[in-house]
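>>> show me the folded form of this:
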Amino acid sequence: MEKPLRGISLFTGASGMDVGFTNAGIRVVAANEIVPYACETYAANHPETKLLKGDIKDYMESFSEGDADIIFGGPPCQGFSVAGKMDPDPE
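Below is the predicted model of the structure:
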């Protein structure tokens, strides 16, 4: 039996994308999120995944080649989406 691919999730949110990758057979080994309430939701739903809480810049050196086969993420796009005001100001 083949080992499942391992993934690292960045800008994780509450884990919608992670659920999709998991359903596709990817084992999410680590996730990063900066928003506290999203971290709480993620931790409650994925206790087996290492959750790196806070700014991704604080964790970049935590990853090494070979830690994962796939890196995926959903960075915020409110300032760029044509569905919104295209205002990069987060406020």
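>>> all helices of this structure, in order?
In the chain, the segments counted as helices under DSSP state H are 16-23, 36-45.
>>> quick one: low-confidence parts of the protein?
1, 78-91 (pLDDT under 70).
>>> could you point out the longest strand of it?
In the chain, ranked by residue count with DSSP state E as the criterion, the top strand is strand 27-33.
>>> then that strand to PDB, C-alphas only?
Below are the C-alpha coordinates for strand 27-33, written out as PDB (Å, rounded to 0.1, in the frame of the first residue of the first chain):
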ATOM      1  CA  ARG A  27      -2.600  13.700   5.000                       C
ATOM      2  CA  VAL A  28      -2.300  17.300   6.300                       C
ATOM      3  CA  VAL A  29       0.700  17.200   8.700                       C
ATOM      4  CA  ALA A  30       0.800  20.900   9.600                       C
ATOM      5  CA  ALA A  31      -1.400  24.000   9.300                       C
ATOM      6  CA  ASN A  32      -0.900  27.700   9.900                       C
ATOM      7  CA  GLU A  33      -3.400  30.300  10.800                       C
END
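>>> ok, K53 - contacts?
Counting by CB atoms under 8 Å, 6 or more residues apart in numbering, K53 touches N32, E33, I34, P36, C39. (Glycine included, C-beta is placed from N, CA and C.)
>>> of these, just say which sits nearest to I70.
N32 (14.3 Å; CB to CB).
>>> excluding chain neighbours, give the residue nearest to the closest one in space.
Ranked by CB to CB, 6 or more residues apart in numbering and with sequence neighbours excluded, the top spatial neighbour of N32 is L52, at 4.4 Å.
>>> got the helices of the chain as a markdown table, with distance to D69 and mean neighbour count columns?
Below are these laid out as a markdown table (distance: least, CB to CB, whole Å; neighbours: other CB atoms under 10 Å):
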| stretch | distance to D69 | mean neighbour count |
| --- | --- | --- |
| helix 16-23 | 11 | 14 |
| helix 36-45 | 21 | 14 |
